[in-house]
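**Q** Fold the following for me, if possible:
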Amino acid sequence: MPVISDGIESSRLELWQVVATYPQHEFTPYLESLDAAAKEFVDECAGLIQKALDRWEKKYHQALSPEGSGNAVKDAGRKMEWFLREQERVAELQAKLDRGIQRLTFLSTLAAR
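**A** Below is the predicted model of the structure:
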């Protein structure tokens, strides 16, 4: 799962660079507050994703990895366990990320004014 977390970190850094180098507007206290809120939401979303990845890596890494643990029966059981037990957590994570995306969209709309 390091590839996913590397991608998350890369995306977060790219977003920060875009925010930092976007030259269309002068920074005013209003835009600075929107900028701070946007960065906070991006960090919050990245933290939620990282927390989920850490949990899944710790608990299911070997069974979910392409190589497996070497025991196909055990891996199949862990995959079923992951699907059954983590399905609700995945839905919660998706809902939280959707709310974060809505906040960012709202902030973008405010900043464009």
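**Q** And Leu93, how close does it get to Arg99?
**A** 11 Å (Cβ to Cβ, to the nearest Å). (Each C-beta comes from the backbone N, C-alpha and C, glycine too.)
**Q** out of these two, which sits in the more crowded spot?
**A** Set side by side, Leu93 and Arg99 show more neighbours around Leu93, with 16 against 13, by other Cβ atoms under 10 Å.
**Q** Against Ile101, how distant is the more buried one?
**A** The value you get for Leu93 to Ile101, if Cβ to Cβ is used, is 12 Å.
**Q** report the longest helix in this protein, please.
**A** In terms of residue count, the longest helix belonging to the chain (DSSP state H) is helix 72-112.
**Q** Which strands or helices does that one pack on?
**A** When contacts are defined as 3 or more Cβ pairs under 8 Å, 6 or more residues apart in numbering; DSSP states H and E, helix 72-112 sits against helix 29-64.
**Q** Determine the set of other helices and strands touching the helix it packs on.
**A** With 3+ Cβ pairs under 8 Å, 6+ apart as the test, helix 29-64 has helix 2-21, helix 72-112 packed against it.
**Q** Between helix 29-64 and the longest one, find me the angle.
**A** Counting by axes from the mean of the first three to the mean of the last three Cα atoms, to 10 degrees, helix 72-112 points 170 degrees away from the direction of helix 29-64.
**Q** Numbering from 44 from now on, please.
**A** Shifting the count to begin at 44 puts that one at helix 115-155.
**Q** now helix 115-155: mean pLDDT?
**A** For helix 115-155, mean pLDDT rounds to 84.
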